[in-house]
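J.: Model the structure of this input:
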Amino acid sequence: MAPYKAQRHGAIVQVNFDPWPGAHGAEFGHLPDNITVLEGDSVILRCKIDEEVTHKAWLNRSNILFTGTDKWSLDKRVSLVNSNSSDFSIQIDKVQVADEGPYTCTFQANNMPRIAYVYLIVQVPARIVNISRDVSVNEGENVNLFCLAVGRPEPTVTWKDQKYGLVSDGEFLDITEIKRQQGEDYECITNNGVAPPDTRKVKVTVNYPPMITDVKNMPAQLGKTAILRCEAMAVPTASFEWYRDDRRPVENDNTLRIKNEKTRSLLLFTNVTDKHFGNYTCFASNRLGASNASMLLFQRLMPTLPLPLCLLTLVLAIPRPGAVYGRGIAVHAGMSVGVWLALFMCLLLKV
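T.: The predicted model follows:
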């Protein structure tokens, strides 16, 4: 048998093969050539004839498709392309997996049977046919995902995550005692080299109780603005409450406002007064648990003059006995009223 030639023209794969000279029925046991076509494509099986023929036929296994120009097959997808002295060809449209198998071209020439046959292989691109739904679990639980795929040849299946890449080979992905950091999209990829890989994702949500992460004591000045912040990471998202040191709930008023955001709560003071100073407790909770943290809003004092510098200023302010200042005025020994006043202010600033 001469080697076949496979050529793709759009959606048509054309196959040429020659009969075996001097072949006879016993030679049906010869291994056939393999012709590969994608599911859904069309294929032409072409049988070249180089001598006078009296009878000819195409068969699929033991089923007769054509005898000469007479169609025996009831399949509308199978048609006769050429039937002349040099070419006897059939076409199969929209090839299906069931079409896979041996095809035989046989004819009678010079009272001798001539036979040529080929094995048609139908390839199917890998595709995912069933996959786990998005799942929500509590931290510490086990997670079992599956991804089922079909294709010809048999496809491979791999799981990947967005952080580390390859997670597992095979249709099943098992995560033991899942951590909150593992909550993300997991991608199933199946491939058999026939077409681009088929991919789908499963979203895994890991639930955990709130954990407050940002707590700071804040200084504030009277009449100014101030902010206390409470940040908490949690799934589901935490709800927030604020309490004063005597466990009274904090409520909005014209000088105080609570602003809740997705992962944090802000206590906004628009005009700080003495009544605002004190200890505040942030309480964050969801259905899995709660967390709390306390922070202090305290008064910021204005900076004072250090005592050594204050005393140095006072010493410089004491006039030397007998010193003469402007207009010839002499200063007598002892401290003036101004010096006493400077000493009083120095001590007062240190109180």
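J.: per-domain residue ranges of this protein.
T.: Under the assignment automatic domain parsing, the domains of the chain span 5-124, 132-208, 215-299, 307-349.
J.: next one: the longest one to chain centre, how far?
T.: What separates the centre of domain 5-124 from the centre of its chain is 49 Å, taken as C-alpha atoms, centre = their mean, to the nearest Å.
J.: Show me which residues of stretch 292-301 are buried.
T.: Buried residues in stretch 292-301, counted by 16 or more other C-beta atoms under 10 Å: 292, 293, 295, 297. Glycine gets a C-beta too; all of them are placed from N, C-alpha and C.
J.: Let's test this: mean pLDDT of that stretch, rounded?
T.: Mean pLDDT, computed over stretch 292-301, is 92.
J.: Show me what residue 104 is bridged to.
T.: Using DSSP bridges, the bridge partners assigned to residue 104 are residue 59, residue 117.
J.: so it makes contact with residue 114?
T.: No: with contact defined as C-beta atoms under 8 Å, residue 104 does not count as touching residue 114 (11.0 Å).
J.: what about those two, which has more around it?
T.: residue 114 (23 against 20; other C-beta atoms under 10 Å).
J.: so the more buried one sits right up against residue 108, yeah?
T.: Yes: counting by C-beta under 8 Å, residue 114 touches residue 108, with 7.4 Å between them.
J.: In three-state terms, how would residue 53 be classified?
T.: Under the three-state scheme (DSSP: H, G, I helix; E, B strand; the rest coil), residue 53 adopts coil.
J.: so how far is residue 109 from it?
T.: Using C-beta to C-beta, to the nearest Å, residue 53 is found at 5 Å from residue 109.
J.: Likewise for residue 240?
T.: Residue 240 is 93 Å from residue 109, by C-beta to C-beta.
J.: Next: residue 56.
T.: On the measure of C-beta to C-beta, residue 56 and residue 109 end up 9 Å apart.
J.: Quickly list what's touching both of the two.
T.: residue 49 (C-beta atoms under 8 Å, 6 or more residues apart in numbering).
J.: Other residues contacting stretch 151-171?
T.: Counting by C-beta under 8 Å, 6+ apart, 39, 97, 122-127, 145-149, 173-174, 182, 184-194 sit against stretch 151-171.
J.: what about the strands in the stretch 201-350 of the chain?
T.: 218-220, 226-235, 239-244, 256-260, 264-269, 278-286, 289-299 (DSSP state E, counting those that start in this stretch).
J.: How far away from the center of its chain is the last one?
T.: Centre-to-centre, strand 289-299 and its host chain are 36 Å apart (C-alpha atoms, centre = their mean).
J.: same question, the shortest one
T.: Relative to the centre of its chain, strand 218-220 is centred 42 Å away, using C-alpha atoms, centre = their mean.
J.: Please point out which parts of that strand sit buried.
T.: In strand 218-220, the ones that count as buried by 16+ other C-beta under 10 Å are 218, 220.
J.: Residues contacting it, please?
T.: Taking C-beta under 8 Å, 6+ apart as the rule, strand 218-220 contacts 226-228, 269, 272, 276-277, 295-300.
J.: And those residues, which is closest to residue 178?
T.: residue 295 (32.8 Å; C-beta to C-beta).
J.: mind checking how far the helix or strand that residue 157 is a member of is from the chain centre?
T.: Applying DSSP states H and E as the criterion places residue 157 in strand 156-161. Relative to its parent chain, strand 156-161 has a centroid offset of 13 Å by C-alpha atoms, centre = their mean.
J.: in its sheet, what does that strand sit against?
T.: strand 165-169 (antiparallel), strand 185-191 (antiparallel).
J.: among those strands, which gets the worst mean confidence?
T.: strand 165-169 (a mean of 84).
J.: Just the CA atoms of that strand, as PDB, please.
T.: Once non-C-alpha atoms are left out, strand 165-169 reads as follows in PDB (Å, rounded to 0.1, in the frame of the first residue of the first chain):
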ATOM      1  CA  GLY A 165       0.600  27.700  40.700                       C
ATOM      2  CA  LEU A 166       0.300  23.900  40.400                       C
ATOM      3  CA  VAL A 167      -1.600  22.500  43.400                       C
ATOM      4  CA  SER A 168      -2.500  18.900  42.300                       C
ATOM      5  CA  ASP A 169      -2.700  16.500  39.400                       C
END
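J.: Can you point out the buried residues in that strand?
T.: 167, 168.
J.: contacting residues around the helix or strand just after it?
T.: From strand 165-169 onward toward the C-terminus, using DSSP H and E, the following helix or strand is strand 172-175. Strand 172-175 has contacts (C-beta under 8 Å, 6+ apart) with 142, 143, 144, 145, 146, 147, 159, 167, 168, 182, 186, 204.
J.: So the fifth one, which state does it fall into?
T.: Right, the one you point to is residue 146. strand.
J.: who's in contact with stretch 49-58?
T.: Taking C-beta under 8 Å, 6+ apart as the rule, stretch 49-58 contacts 18-19, 45, 47, 64-68, 83, 85-88, 90, 103-110.
J.: End to end on it, go ahead and measure it.
T.: 13 Å (C-alpha to C-alpha, to the nearest Å).
J.: Stretch 259-271 too?
T.: 16 Å.
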